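sequence unknown, structure follows:
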């Protein structure tokens, strides 16, 4: 993805967030530049998932801001965030076990950026050839690693 601004691709400034009355994050600031990879590390309960949920629109920030490509996305709904090109591939895979690989990819496709389902599916299959091989197989019959590939593929389709 290419940034449309001269600043960071993602800017989180003074973010505080949590769930209901339970505060989890306070005053978090992070800049992610285009083509940069940033890793969030910490023990269980440190707020890693809350940070990602806040960016994804699942958790509502109580203070601070989140900007993507120079656009304020603070408090946007998850479906709005996805349409901008930000997807969240949570731990635990969360694929549709009773659907095939192909059906899982269809379910995740929202047609962002004008790319067709076929073009996005081809990109997923290029990254994960085993998914192409197993495209008509049930997701529940794949190994854990293959299911994680499918979860990532679903995120890429969105």
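Alright, I've got the coordinates. Model, not experiment: these values are computed from the prediction.

And the strands in the protein?
In the chain, the strands defined using DSSP state E lie at 10-19, 22-32, 61-68, 71-72.

closest to residue 105 out of the ones you listed?
When these are compared for distance to residue 105 using Cβ to Cβ, the nearest one is strand 61-68, at 24.4 Å. Glycine gets a C-beta too; all of them are placed from N, C-alpha and C.

quick check: mean pLDDT across the longest helix seen in the chain?
The longest helix of the chain (DSSP state H) is helix 144-157. Averaging pLDDT along helix 144-157 yields 92.

Return the set of buried residues in that helix.
For helix 144-157, the buried set under the neighbour-count rule, 16 or more other Cβ atoms under 10 Å, comprises 146, 147, 148, 149, 150, 151, 152, 153, 154, 155, 156, 157.

ok, back up a step: distance to residue 99, mean pLDDT and mean neighbour count for the strands of the chain - can I get that in TSV?
Converted to TSV, the strands of the chain look like this (distance: least, Cβ to Cβ, whole Å; pLDDT from 0 to 100; neighbours: other Cβ atoms under 10 Å):
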stretch	distance to residue 99	mean pLDDT	mean neighbour count
strand 10-19	30	96	18
strand 22-32	33	95	15
strand 61-68	30	97	19
strand 71-72	34	98	11
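
Okay, buried residues for stretch 105-120 please.
Quick answer for stretch 105-120 (16+ other Cβ under 10 Å): 105, 108, 109, 120.

Contacts for it next, please.
82-83, 85, 96, 99, 121, 124, 150, 153-158 (Cβ atoms under 8 Å, 6 or more residues apart in numbering).
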